[in-house]
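S.K.: With the sequence up front, the predicted model follows.
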Amino acid sequence: MKPSYTIKDVDIPALNILQKTQEKNTSILFRIQVLNPNRAFSILFYNINITLLYGDEAIGNTMFANIKQLKPTQTYQSVQLILASQSFWHEIAKLMSDGNLQVKVRLETRFKYRLLSFYHNIDREELDGVVPVGGDGKIVEHKQINLIPSCSWICKVHSFIWILLLLHLFCSTLSQEAL
């Protein structure tokens, strides 16, 4: 089984309407949990790259590589800091009038499984999640956000299957015409 990733908490201090500070704090803090659900395999991670998006525009990103290996059924938690782009803050002032904002989290990573002393092939994951953020700069409605495989990877596989199916149909019609 592949590892699971959960966003446990998000804090965007600049959105806290109650604070009313003059300085713009462009940092975004979030706590992520990585869980190895396997009982027999350890997981060795390379880099975990996390990007925050608003619409299609990247707000900021961070990469951490301090997860060396998750032993079976072990959980890892990390607090990460992202410095958001200035263009994001100009748009946010207009959008926060209704009190809610949705930020997309994209996680990309490469890892491999380890059983005893043997490593297996490198696996790649690309996951997405939508985080609703309230006027206080914290997650609303949900206590945690589970990241799920992004559509881009699923759509690529789905397209590949359709191409194979069409190629098979084309070849079968050619072979029937030859008879």
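M.R.: Right, received. Where do you want to start?

S.K.: residue contacts, the closest residue to Leu70 other than its chain neighbours?
M.R.: Nearest non-adjacent residue to Leu70, counting by Cβ to Cβ, 6 or more residues apart in numbering: Asn36, 4.0 Å away. For glycine as for every other residue, the C-beta is placed from the backbone atoms N, C-alpha and C. Shown in contact with Asn36 (Cβ atoms under 8 Å, 6 or more residues apart in numbering): Pro3, Ser42, Ile43, Leu70, Lys71, Pro72, Thr73, Gln74, Thr75.

S.K.: Make a PyMOL selection of the buried ones in the residues you listed.
M.R.: The buried subset of the contacts of Asn36, as determined by 16 or more other Cβ atoms under 10 Å, is captured in PyMOL by this line:
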select buried, resi 3+42+43+70
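
S.K.: Okay, and which of the contacts of Asn36 map to strands?
M.R.: Here DSSP state E is the test, and these give Ser42, Ile43, Leu70, Thr75 as lying in strands.

S.K.: possible to save these as JSON lines with distance to Val140 and pLDDT?
M.R.: What follows is those, written out as JSON lines (distance: Cβ to Cβ, whole Å; pLDDT from 0 to 100):
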{"residue": "Ser42", "distance to Val140": "36", "pLDDT": "84"}
{"residue": "Ile43", "distance to Val140": "32", "pLDDT": "84"}
{"residue": "Leu70", "distance to Val140": "30", "pLDDT": "73"}
{"residue": "Thr75", "distance to Val140": "25", "pLDDT": "78"}
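
S.K.: re earlier: now the residue nearest to Leu70: how far from Val133?
M.R.: Going from Asn36 to Val133 by Cβ to Cβ, to the nearest Å gives 29 Å.

S.K.: repeat for Asp11
M.R.: Applying Cβ to Cβ, the value for Asp11 to Val133 is 9 Å.

S.K.: Compare those two (neighbour count), which wins?
M.R.: Ranked by neighbour count (other Cβ atoms under 10 Å), Asp11 and Val133 place Val133 first, with 21 against 17.

S.K.: so what pLDDT did the residue nearest to that one when sequence neighbours are not counted get?
M.R.: Nearest non-adjacent residue to Val133, counting by Cβ to Cβ, 6+ apart: Leu101, 4.7 Å away. In this model, Leu101 is scored at 77, pLDDT.

S.K.: hang on, the earlier thing: distance to Asp128 for the contacts of Asn36 - can I get that in a markdown table?
M.R.: As requested, those are exported to a markdown table (distance: Cβ to Cβ, whole Å):
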| residue | distance to Asp128 |
| --- | --- |
| Pro3 | 16 |
| Ser42 | 26 |
| Ile43 | 20 |
| Leu70 | 22 |
| Lys71 | 27 |
| Pro72 | 27 |
| Thr73 | 25 |
| Gln74 | 24 |
| Thr75 | 21 |
